[in-house]
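Enquirer: What would the 3D arrangement of this be:
(3 chains)
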Amino acid sequence: MSVITDQKPQDPPPGLRSRKRRRVADPAFRWFVTITGTSVFIILAAMVVRTTTEAWPIFQHQGFFGFLTGDRWVSGGSRSDDPADFTGVYGAWPFIYGTLVTALIAIVLALPLALCIAFYINQLAPRRLRKPLSYTVEMLAAVPSIVFGMWGLFWLVPNVLRPFFEWLESWAGGFFLFEGPVFGPGYLAAGIVLAIMILPIITAIVREVIAVNPMDQQNAAYALGATRFEVMRKVILPSSFSGIVGASMLGLGRAVGETIAVMMLIGSTKSWDSSLLQRGDSMAALIASLFKEATPEGVRGLMAIGVALFLFTMVINVAARLLVWRIGRVAGDAAV
Amino acid sequence: MSATSDLKPAERGAGERTTPTGHRPLRETQGNAGRRAVANRVALTVLTVAMVVAVIPLVLILFKVASEGLAAVGWNFFTLDEPTYRVEEAGYRAGFVGTAYIMVGAILMAIPLGLATAIYLVEYGRGRLASFVRFFTDVMTGIPSIFVGLFVYGLLISSGAIFHTGFSAFAASLAIAIIMLPIVTRSSEEMLKLVPDEWRNASYALGASKSRTVLTTVLPAAAPGLATGSMLAVARGVGETAPLILTALGSRYLVTTYFSDAQGAVPLQIHSGAMQPFEAGIERAWGGALSLFVIVLLLVVVARFVGSRANKLG
Amino acid sequence: MTPSPTQTEERTAPPAGPGAAGPAADSAADSAAAEGTPPEESTATQPAEEQEPVQDAVFDLQDVSVRYGSFIAVGDITMKVPRHQVTAFIGPSGCGKSTLLRCLNRMNDLVPGASVTGELIYNGENVYAPDVDPAEVRRRIGMVFQKPNPFPKSIYENVAFGPRLNGFSGDLDGLVQQSLERVGLWSEVKDKLKESGHALSGGQQQRLCIARAIAVEPDVLLMDEPCSALDPIATLKIEDLIHQLKSTYSIVIVTHNMQQAARVSDRTAFFSVNIDDHQGMRTGRLVEYDRTTKIFNNPAQQRTEDYVTGRFG
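Expert: Here you go, the predicted model:
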């Protein structure tokens, strides 16, 4: 029941149409955030276009396939854009090989450990220890890679890895993976430090993936007499499989792209060797270590390596994200 | 086997399956149960050991960096430049100033852009376009930082550059901003999503427009969380070394220009110091590593603290 | 104190557990009497209906309490669960009936901070004895959950999961078929054993879960509100199934549905919540435990009467 007064409104009631300023401000804001939102495509496109144009003469000079498979890298001195004038030889195979080997070592070492930690934190640790423990592991991700590099070079290699490599060489030196001589820095040293570096991201994602495993399925298995280990292995692990593969691929992507720590630990030689104890170089590390001395032509060569590296990580990352996204939203890894 | 068993040995243990009416003592293991219990115990031990193993590197790094670095860090370390690696009386002033220059620029570029993208994703993003933005933002977190450095080199520094600035703090800022951008976007998105819809509706009910609602209701409500995400992104950016080699190039003397001249940075100075065979330079590199580590750690810890308080309030 | 020697009264007698149930129950009975309760529902004058003792008990609980941290979820339960019968746990929500059920096969061990005191004797052995393996307990005492929870595997793999785990080396196909036949699911699924268990309807999923539980040939089946997520027809099928299964298994079922308890169970335990005003603690107590017919037609306690007639809860 409303009370009707005979008092006339002072002003005519405002129409439902809003003031002009507001009519403009709202769509303007909307357009602004939409354009910034799509800037990610612009940035990505600019990256691809800019580096590929810089690198293009190298691919012309060397042939794309020749670039990927050639195993000699000599920077030329020409200042010209014309591939015909190039004097260098650009074969990226030793660095592709070094990247793959170090990243694979890293993932082989880090994945089992990350799985164990994730399961420990999620399934075994007392509830109030779970957060502190996961923060501690994520703290490793906060260590700048230059610090990993220094620690690896000045402490881990001389004190732990070199003696270990010497023992390995004396014990299994006949095996092609562990042939001497032992230097210290090399594929294996870089791979081991990389494993420590990618441990947090794999752990964080695996933890989120296994955390969304439905409790009622675990209970069903427990009620059938399964032990804790069997619940983890036969219930949680199978249904988390694609997420775990995705997590490892994200870790692999990180390992492939890591520069400084690898540069300090891989030994920086332009050759490749089947023995993990030998020195080599990775694509990312080569770019950083050759850059300062590079001629304009040499920088183009490095650009070409960069493009190859980008394609590499792009394929790995897209596949990994598709796998992880199937599980649902995994939020916590952005900063790890 | 239990002493309380009154069954004949042949009826116990492997292979023998109970009928629902036949009660065997609970302690009498059935079939493979003993082996399974052992496997379980071994596995749980392995998990626990793995947890301990994973903490060891962190402890070792902390210890090594702290013990070597503390010796190098003093007043001079922050106030002097490093004319040569050999000289004893020198410091990382150039690096600290350079890092500050680079980071301020990067923050000013990355945070507004990342925040606007997050607002787009949460408040306006619909359908395909939004999922693509989200997906490629995620993919962008995986792009190697050295590649970002190469891109900025190609964009601003190389002979074919479109906007030629040469090596500069600005170029480095741009590279670091590109690295920070996806982190800011994704963490801000998560935080904006936590703001309850009732608050938005309350604002609309008062006649506020959407842009006004976002700017005056959603953003302030999410502020602590947004700060957390941004600080984690800064922590990531400040430790980056590789892209700086290609964009800032490095300087051991104080440089105060922003848009031109090669600029120094702490990570660059650590790197060059550590790779030279001079005792004093290496010692200072440890000092730099310690300072960098402390900066990053502070950012992370404060971010976590702010974040956990924000979560409690929400 | 009422002279009736019901089990509830015996329970409150020991000095170790004076319990709030006694006085509260008494006052409830008093107030009900003052309001003029019909005489046939009076508690004190029924010596002929004295509770029939459980002869062959599969579970024998002595002063069992379950705590979460310092919070006592359910306290001082003393009761015997008969073999090859269906025992129903009823009571208002929060009365601890599910908690008690889950502690019968040590599922509560999986909840951080949960602890059980008192003696929980299963076939003469304490289930919580330190050297008893909880996994072994759960192998003998199967469980069916509120929400059907088949694994995201094929129907066949769901049923075969338990036997495989236990190293079953016989005819697995036969065992799977037998288990599915026992729950009346075989004819419905025999042509799609390779399809996912999630493709079945809710009622079929729940029967699959029961088949999965009996495939490990347990001694006891615990059912935690097995029909609460199902439609009436599926519920009826499960209830029929419970009738068939009790010849082989001892069954304990928690239910919110009193008609269901009346239909399927031989014995019924009624639980209620006692609220301690001083500490604000809500503790589940066993109010009355007797033959189902007695609980529903002629309960000894006024609170039971009130609950089964829908006056509270």
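Enquirer: Is C:Val66 part of a helix or strand, or is it coil?
Expert: strand (DSSP: H, G, I helix; E, B strand; the rest coil).
Enquirer: Tell me which residues of stretch A:164-176 come out buried.
Expert: The neighbour-count check on stretch A:164-176 (16 or more other C-beta atoms under 10 Å in any protein chain shown) flags A:164-166, A:168-169, A:173 as buried. All C-beta spots, glycine's among them, are computed from the backbone N, C-alpha and C.
Enquirer: which SS class is the spatially most central residue of chain A?
Expert: Geometric centre of chain A, nearest residue: A:Arg254, 1.8 Å, by C-alpha atoms, centre = their mean. Taking three-state DSSP as the rule, one finds A:Arg254 in the helix state.
Enquirer: Help me confirm that it comes into contact with B:Ile143.
Expert: No - look at A:Arg254 against B:Ile143 with C-beta atoms under 8 Å: they stay out of range, at 10.6 Å.
Enquirer: excluding its backbone neighbours, what's nearest the residue of chain A found nearest chain C?
Expert: Proximity of chain A to chain C (C-beta to the nearest C-beta) peaks at A:Gly225, 3.2 Å away. Once flanking residues are discounted, A:Gly225 sits nearest to C:Arg139: 3.2 Å by C-beta to C-beta, 6 or more residues apart in numbering or on different chains.
Enquirer: can you dump the C-alpha coordinates of stretch C:131-139 into CSV?
Expert: Extracted C-alpha coordinates of stretch C:131-139, given in CSV (Å, rounded to 0.1, in the frame of the first residue of the first chain):
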residue,chain,number,x,y,z
ASP,C,131,49.0,-54.8,15.9
VAL,C,132,45.9,-55.1,13.8
ASP,C,133,46.3,-53.8,10.3
PRO,C,134,43.5,-51.4,9.4
ALA,C,135,43.6,-52.6,5.8
GLU,C,136,42.9,-56.2,7.0
VAL,C,137,40.0,-54.9,9.0
ARG,C,138,38.5,-53.2,5.9
ARG,C,139,39.1,-56.4,3.9
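Enquirer: List the neighbours of it that are in contact with it.
Expert: A:222-227, B:26-27, B:29-30, B:33, B:36-37, B:40, C:105-107, C:109, C:122, C:125-127, C:166, C:216, C:218 (C-beta atoms under 8 Å, 6 or more residues apart in numbering or on different chains).
Enquirer: in that stretch, what's buried?
Expert: C:132-139.
Enquirer: Same check on stretch C:191-207?
Expert: C:193, C:197, C:200, C:203-207.
Enquirer: Run the chain-centre distance for it.
Expert: With C-alpha atoms, centre = their mean, to the nearest Å as the basis, stretch C:191-207 stands 26 Å off its chain's centre.
Enquirer: hmm, it touching chain A?
Expert: No - on the criterion C-beta under 8 Å from any C-beta of the partner chain, stretch C:191-207 is out of touch with chain A, staying 10.6 Å away.
Enquirer: all helices of the stretch 201-314 of chain B, in order?
Expert: Ranges of helices within the stretch 201-314 of chain B are B:210-213, B:219-238, B:242-247, B:266-275, B:279-313, based on DSSP state H, counting those that start in this stretch.
Enquirer: for C:Leu61, helix, strand, or coil?
Expert: If you use three-state DSSP, then C:Leu61 falls in the strand class.
Enquirer: do the same with C:Met79
Expert: strand.
Enquirer: Measure how buried it is and give me the count.
Expert: By other C-beta atoms under 10 Å in any protein chain shown, the residues close to C:Met79 number 21.
Enquirer: helix or strand for the residue of the stretch 101-250 of chain C at minimum distance from chain A, which one?
Expert: Proximity to chain A, evaluated over the stretch 101-250 of chain C using C-beta to the nearest C-beta, is greatest for C:Arg139 at 3.2 Å. Using DSSP states H and E, the element containing C:Arg139 is helix C:134-140.
Enquirer: for that helix, what is the average pLDDT?
Expert: Mean pLDDT, computed over helix C:134-140, is 89.
Enquirer: Work out the gap between it and the centre of the chain.
Expert: Distance, centroid of helix C:134-140 to centroid of chain: 17 Å (C-alpha atoms, centre = their mean).
Enquirer: So the residue nearest to the spatial centre of chain B versus C:Leu236, what's the distance?
Expert: A centroid search over chain B (C-alpha atoms, centre = their mean) returns B:Arg236, at 4.6 Å, as the residue closest to the centre. Using C-beta to C-beta, to the nearest Å, one obtains 60 Å as the distance from B:Arg236 to C:Leu236.
Enquirer: A:Pro27 too?
Expert: 59 Å.
Enquirer: which residues sit in contact with residue 272?
Expert: Just going to use chain A. So A:Trp272 contacts A:71, A:93-94, A:97-98, A:280 (C-beta under 8 Å, 6+ apart).
Enquirer: ah, no, chain B please
Expert: B:85, B:250.
Enquirer: I figured the residue of chain A closest to chain C hits C:Val216, correct?
Expert: Yes - the criterion here is C-beta under 8 Å, and A:Gly225 meets it with C:Val216 at 6.4 Å.
Enquirer: Can you work out which residues contact both of those two?
Expert: Common neighbours of A:Gly225 and C:Val216 (C-beta under 8 Å, 6+ apart) are C:139, C:162, C:165-166.
Enquirer: any chance of those in TSV, plus secondary structure?
Expert: Listed next are the shared contacts of A:Gly225 and C:Val216 as TSV, based on three-state DSSP:
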residue	secondary structure
C:Arg139	helix
C:Gly162	helix
C:Leu165	helix
C:Asn166	coil
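Enquirer: now stretch A:256-275: mean pLDDT?
Expert: 93.
Enquirer: Return the distance of it from the chain's centre.
Expert: With C-alpha atoms, centre = their mean, you get 16 Å for stretch A:256-275.
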